[in-house]
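K.L.:
predicted model and sequence follow; I will ask about them next.
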Amino acid sequence: MKRLASISFISWVCVAWSVASADEKKAVADKTLVVELWPGKPPDEIGKIGAEYVRMSPRLDRKQVEVTEPTRMITNVTKPTITVYRPAKDKDTGAAMLICPGGGYWNLYWELEGEEVAAWVNSLGMTGIILKYRVPRRPGEPEREPAKRPLQDAQRAVSLVRSKAHDWGIDPKRIGIGGFSAGGHLAIATATSFEKRTYEPVDDIDKISCRPDFAVVVYPGYLKPKDKDELSPGLHVPAETPPVFLAHGGADIVSPPEHSIVMYLALRKAGIPAELHIYAGAAHDFGVRPSDHPCSTWTQACALWLRQLGMSKASASP
């Protein structure tokens, strides 16, 4: 596949990460910080699903996804964590993004929509924090509806990051959330459900706000009923919802672009600043990887948007 003639610095970082050797990636991982979300057993956790493990995603065709080769996934998560990736000190803006990988609430696309996204976020001078939320769905959680435990984990994660902001050199008023596919649903659900927690508070961390300061939502699902052009019953848009950036593929058959369109219209109706990008011909799962398709330029548009919000000082071009 041909590369764009002029690849932005942001995209270059993603390429560098995707071709890095296992030893290079391990060296990066060794410098990261992993923190468990809950002081004890997570709320509503049954814990009888087997040991957590890594598996490869299935190889799919271009009608379904943009990245067709297998990438690493994580599943059977019963102890959710956050993994903190800090940017270079000379580029650090003090802003941070909590990253929610997708996977249909069955798995977590850890490589494509976690590690590679953290590298991109770091290239903008922001701290990237990958949320390892609970998957797969537990018994009683219907396949066509979002699972409930991941939102508990995401709300807790925002408060936890904010509680550690001083120690980690993060501005507590510049902590956002981003997500892909099911993780995109999780990101927008977190950005719109901060008025009430989905679990009983367990300690002082839960007294700290779980409202993100911005949301980046990429090819999300579960935002609308299958046959209706309206928000899903479990979603609403409060007046204090933070600014939202939406990106979607126009040819996405896994999660049609109407999910982002309906959300954009709901945000606009509520007077929430929002930006929507739909890329004709693009399928699902393009992550932040560069390609010859215009959908890979969403990272540049998002970088400009974040810069306008005062979250990033990085330029979207070399």
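P.N.:
Now that the structure is in, tell me what you want to look at. Numbering: from 1, shown residues only.
K.L.:
show me what contacts Ile175?
P.N.:
Listed by CB atoms under 8 Å, 6 or more residues apart in numbering, the contact partners of Ile175 are Ala95, Ala96, Met97, Leu98, Val158, Val161, Arg162, Ala165, Pro212, Asp213. Quick note: C-beta positions are derived from backbone N, CA and C, even for glycine.
K.L.:
please identify which of these is nearest to Val34.
P.N.:
Set against Val34, the nearest of the contacts of Ile175 by CB to CB is Val161 (13.2 Å).
K.L.:
for that closest one, the count of nearby residues, please.
P.N.:
27 (other CB atoms under 10 Å).
K.L.:
same check on the one 10 residues further on?
P.N.:
Asp171 is flanked by 17 other residues according to other CB under 10 Å.
K.L.:
the closest residue to it other than its chain neighbours in helix, strand or coil?
P.N.:
Closest residue to Asp171 apart from its sequence neighbours, by CB to CB, 6 or more residues apart in numbering: Gly94 at 4.2 Å. Following DSSP: H, G, I helix; E, B strand; the rest coil, Gly94 is assigned to coil.
K.L.:
need the pLDDT of Gly94.
P.N.:
With respect to pLDDT, Gly94 scores 97.
K.L.:
report the contact partners of it.
P.N.:
Contacts for Gly94 were tallied using CB under 8 Å, 6+ apart; they are Gly169, Ile170, Asp171, Arg174.
K.L.:
ok, 10 Å please
P.N.:
87, 125-127, 165, 168-175, 311, 313 (CB atoms under 10 Å, 6 or more residues apart in numbering).
K.L.:
so which of these sit within helices?
P.N.:
With DSSP state H as the criterion, helices contain Ala165, Trp168 from among those.
K.L.:
where along the stretch 101-250 of the chain do the strands fall?
P.N.:
Using DSSP state E, counting those that start in this stretch, the strands found in the stretch 101-250 of the chain span residues 127-132, 175-180, 215-218, 244-249.
K.L.:
okay, the ones you listed in CSV with mean pLDDT and distance to Glu66 next?
P.N.:
Shown next, in CSV, are the strands of the stretch 101-250 of the chain (pLDDT from 0 to 100; distance: least, CB to CB, whole Å):
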stretch, mean pLDDT, distance to Glu66
strand 127-132, 98, 21
strand 175-180, 98, 12
strand 215-218, 98, 12
strand 244-249, 98, 7
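K.L.:
and the closest residue to Val67 other than its chain neighbours, what's its pLDDT?
P.N.:
Take Val67 and drop its neighbours on the chain: the residue closest to it by CB to CB, 6+ apart is Asp285, 5.4 Å away. Here, the pLDDT recorded for Asp285 equals 96.
K.L.:
also Val288?
P.N.:
At Val288, pLDDT is 98.
K.L.:
got it, and the one 3 residues further on?
P.N.:
The confidence metric pLDDT takes the value 92 at Ser291.
K.L.:
which among the contacts of Gly94 count as buried?
P.N.:
Neighbour-count burial (16 or more other CB atoms under 10 Å) applied to the contacts of Gly94 gives Pro87, Gly125, Met126, Thr127, Ala165, Trp168, Ile170, Asp171, Pro172, Arg174, Ile175, Met311.
K.L.:
pretty sure the third one sits against Gly176.
P.N.:
Read that as Met126. Yes - in this structure, Met126 is within contact of Gly176 by CB atoms under 10 Å, at 8.5 Å.
K.L.:
which neighbours do those two share?
P.N.:
Common neighbours of Met126 and Gly176, counting by CB under 10 Å, 6+ apart, are Ala95, Ala96, Met97, Leu306, Met311.
K.L.:
pick out the most distant pair among those.
P.N.:
It's Ala96 and Leu306 that sit farthest apart of those, by CB to CB, at 11.4 Å.
K.L.:
what's the burial count for Phe286?
P.N.:
27.
K.L.:
what are the neighbouring residues in contact with it?
P.N.:
65-67, 112-113, 180, 218-219, 247-249, 252, 279, 293, 295-296, 298-299.
K.L.:
can you do 8 Å?
P.N.:
For Phe286, the contacting residues are Val65, Glu66, Val67, Tyr219, Gly249, His293, Cys295, Ser296, Trp298, by CB under 8 Å, 6+ apart.
K.L.:
Ile253 too?
P.N.:
By CB under 8 Å, 6+ apart, Ile253 lies in contact with Lys63, Gln64, Ala283, His284.
K.L.:
now, among those, which is nearest to Pro233?
P.N.:
Nearest to Pro233 among the contacts of Ile253 is His284, at 24.0 Å by CB to CB.
K.L.:
pLDDT score assigned to the nearest residue to Pro136 once chain neighbours are set aside?
P.N.:
Excluding the flanking residues, the one nearest Pro136 by CB to CB, 6+ apart is Trp106, at 4.3 Å. The model reports Trp106 with a pLDDT of 96.
K.L.:
I'd like to know how many residues surround Trp106.
P.N.:
Residues near Trp106, counting by other CB under 10 Å, number 14.
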